[in-house]
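Asks: What follows is a predicted structure for the sequence shown.
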Amino acid sequence: LSILSCAGGTGSGVGSYIVNELNSEYPTKTFVNSVVLPYSAGEVITQNYNTVLALAKLYDVTDMFIIFSNDQLHKMSTNLLKNANTQLQDLNDLIAMKMGSIFQPINDTPLFTFSDIVSQLAAHLDYKLVTIKSAPHYSKESQRFESDISWSVLTEHMKQTLKQSEAIVDWETKSLRTGQSARRSQAQYAASIGNVLITRGDWKQESGESLKSYFSDKSMYPQWIPEDSRFQHFHQNRKYLNVSKFVSLLSNNSSIYHLLNNISERAWKVYSHGAHVHQYEKFCISKCQFLESFAKIERIIKSYKELK
């Protein structure tokens, strides 16, 4: 498991180099790379170049990516955690919380490993990009005053994060809806390769089957995905970070192409004017390598965009 940022040269350059070397040394091991995508603007002038080059370099040696976006994490910090002056440490705390909610132990499931997650979510070589959605998220000041939330409300909220929207609304950054059921709406959902729901906290055994029903809609998955590979649910009775109920959704779905497409378009716009390319040529990264990287990212975008 690696964690790297794509904006600067260290994460994108040294990070992708180390992962490639490790893959050469341990070719039979499962590689999961957690990649933090840069802010849409304001970090590093060459951040979109770095992201395109890094993802293209990593794609063939990575079994599964866990994708984080600084823009999305920042919205969670300001909207849900009420951090008016969000810092990078706040974003890192959210990443750590999400990762911990996935990789902490699971009840009676000793074989819940990287390989299990990859086989469930990223068995197809063309679809390796996974996101983590989680809830609830409260500010430290308000957490003790929040009322207990049912598993059904939390699971509905996770399903909402899979909604398709022309405005590309990120439902994870919105407050929990305890009123109208998301299941009764006529929403369209992003096509999913697979979903894994992990619940932690107070539990009633009869809740299990009812939670599965939220993700059993056949229209959410391509027809070629076997039914037993579409959704898995795991539970841990122990509370997570002293929250009575916490839910996380690992999802490999088509909505990820929006993020990649935005980055690729910005990078290509700069590249088409020849800007900053000389900085890479000094380190033996040729224009041919740039074009190969763009082509690979475009193939990934096309695969997800056409997923139905």
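Replies: Here it is on my side, so go on. Residues are numbered from 1 along each chain as shown.
Asks: so where do the strands sit in the protein?
Replies: Ranges of strands within the chain are 2-5, 32-37, 64-69, 129-135, 192-201, 231-236, 245-253, based on DSSP state E.
Asks: Which among these is found nearest to residue 78?
Replies: Closest of the strands of the chain to residue 78 is strand 64-69, at 14.2 Å (criterion: C-beta to C-beta). All C-beta spots, glycine's among them, are computed from the backbone N, C-alpha and C.
Asks: coming back round to it: what's the closest of the strands of the chain to residue 114?
Replies: Across the strands of the chain, residue 114 has its closest neighbour in strand 32-37 (5.3 Å, C-beta to C-beta).
Asks: Now do that closest one: which elements does it pack against?
Replies: In this structure, strand 32-37 packs against strand 2-5, helix 47-59, strand 64-69, helix 70-79, helix 88-103, helix 114-121, with contacts taken as 3 or more C-beta pairs under 8 Å, 6 or more residues apart in numbering; DSSP states H and E.
Asks: tell me, which of the strands of the chain is the model least confident about?
Replies: Mean pLDDT is lowest for strand 231-236 among the strands of the chain, at a mean of 90.
Asks: among the helices and strands packed on strand 32-37, which is the most enclosed?
Replies: helix 47-59 (a mean of 24; mean count of other C-beta atoms under 10 Å).
Asks: What average pLDDT does it get?
Replies: 96.
Asks: Residue 171: which of the helices and strands packed on strand 32-37 is closest?
Replies: Where these are weighed against each other on C-beta to C-beta, the nearest is helix 70-79, at 11.0 Å.
Asks: So what's the gap between the closest one and the chain middle?
Replies: 14 Å (C-alpha atoms, centre = their mean, to the nearest Å).
Asks: Residues in contact with it: which ones?
Replies: Outside helix 70-79, the residues within contact range by C-beta atoms under 8 Å, 6 or more residues apart in numbering are 7, 36-40, 43, 83-84, 86, 90-91, 94-95, 137, 170, 172-175.
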